[in-house]
Structure formats: structure tokens, C-alpha cells
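**Q** Got a predicted model here, sequence first, then my questions.
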Amino acid sequence: MKFIDNLKELNACEEALEWADGKTWEECYNTCERGDWLAWLFEKLHPGDKRRYIIAGRCALTVKHLMKDESIAACETVINYGRGEASEEELRAAREAAGAAARAATWAAAGVTARAAAWAAR
């Protein structure tokens, strides 16, 4: 069976099917620039596997340069949870800390935007 047939059986999106058509599994894996597609495939092939947290954490860390310390630490905790090196309580605490950091960043950005709009309206 061709890899594309496997993707069809898993109900992959049309865009992924078009991209993967004619490629082997190895070609897809080595050339795919869509980490979300690879994460989706892993979850389809290994439903409920905690290693998906490793994938999610590593995908998130691709934008580490845009993160604050709380978010970086949360990603590291997510990866550790996927490896079995962090508890559900630690995962929950990391999620809450990252959520609080995201809300603070959103409010800060909203304040900057409001100040810029007020300045522009003068």
C-alpha cells in the first residue's frame, strides 16, 4: 500500500493529500515543513500516547525567541511530561503560568495599540 493511501484512510486534509501524492513516507517525513501535520499523523497512529506532548512542546519551542520565561518553562514541562519526567500537577501548573503570561501579553499589547490609536487620532 502506498503512503498516500494510508493518509486517505486516516482522512487527511486535501492540502496534505495533494502535497504527499507521489511521495514515500520517508520523503514526506524528511521534507514536511508542517509540524502540525506530523503531530496530527502521530496522534492518528498512536492515539492517547503521551509522547504527543513532546511533539507539542518542541513545535511550540520553534518560536522560543518570541516567548517569555513562563512560556519557555511551560514548554519544557510539557516535554518532560511526555517523557514521564513531570507530573500532571506540574503540567497543570505550567499551563496556568503560561496562560497567565499570555493574558498579560495580550493586555499589554492592547494597551500599546490603544495608546497608538489615541496618538494617531490627535
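**A** Thanks, I have it. Numbering: from 1, shown residues only.
**Q** Okay, and the residue lying closest to A16 once chain neighbours are set aside sits in which element?
**A** Using C-beta to C-beta, 6 or more residues apart in numbering and skipping residues adjacent in sequence, the residue nearest A16 is W37, 5.6 Å away. In this view, the C-beta of every residue, glycine as well, is placed from N, C-alpha and C. Assigned by DSSP states H and E, W37 falls within helix 35-45.
**Q** hey, C-alpha coordinates of that helix in PDB?
**A** Output in PDB follows, covering the C-alpha atoms of helix 35-45 (Å, rounded to 0.1, in the frame of the first residue of the first chain):
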ATOM      1  CA  GLY A  35       4.900  20.200  12.200                       C
ATOM      2  CA  ASP A  36       1.200  20.300  12.800                       C
ATOM      3  CA  TRP A  37       0.700  17.700  10.000                       C
ATOM      4  CA  LEU A  38       3.300  15.400  11.600                       C
ATOM      5  CA  ALA A  39       1.800  15.900  15.000                       C
ATOM      6  CA  TRP A  40      -1.700  15.000  13.600                       C
ATOM      7  CA  LEU A  41      -0.300  11.900  11.900                       C
ATOM      8  CA  PHE A  42       1.400  10.800  15.200                       C
ATOM      9  CA  GLU A  43      -1.800  11.200  17.100                       C
ATOM     10  CA  LYS A  44      -3.700   9.200  14.400                       C
ATOM     11  CA  LEU A  45      -1.200   6.400  14.500                       C
END
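**Q** Contact partners for the closest residue to K68 other than its chain neighbours?
**A** Nearest residue to K68, sequence neighbours excluded (C-beta to C-beta, 6+ apart): A101, at 5.3 Å. A101 sits next to K68, E70, S71 when contact means C-beta atoms under 8 Å, 6 or more residues apart in numbering.
**Q** The second one is in what secondary structure piece?
**A** According to DSSP H and E, E70 maps onto helix 69-82.
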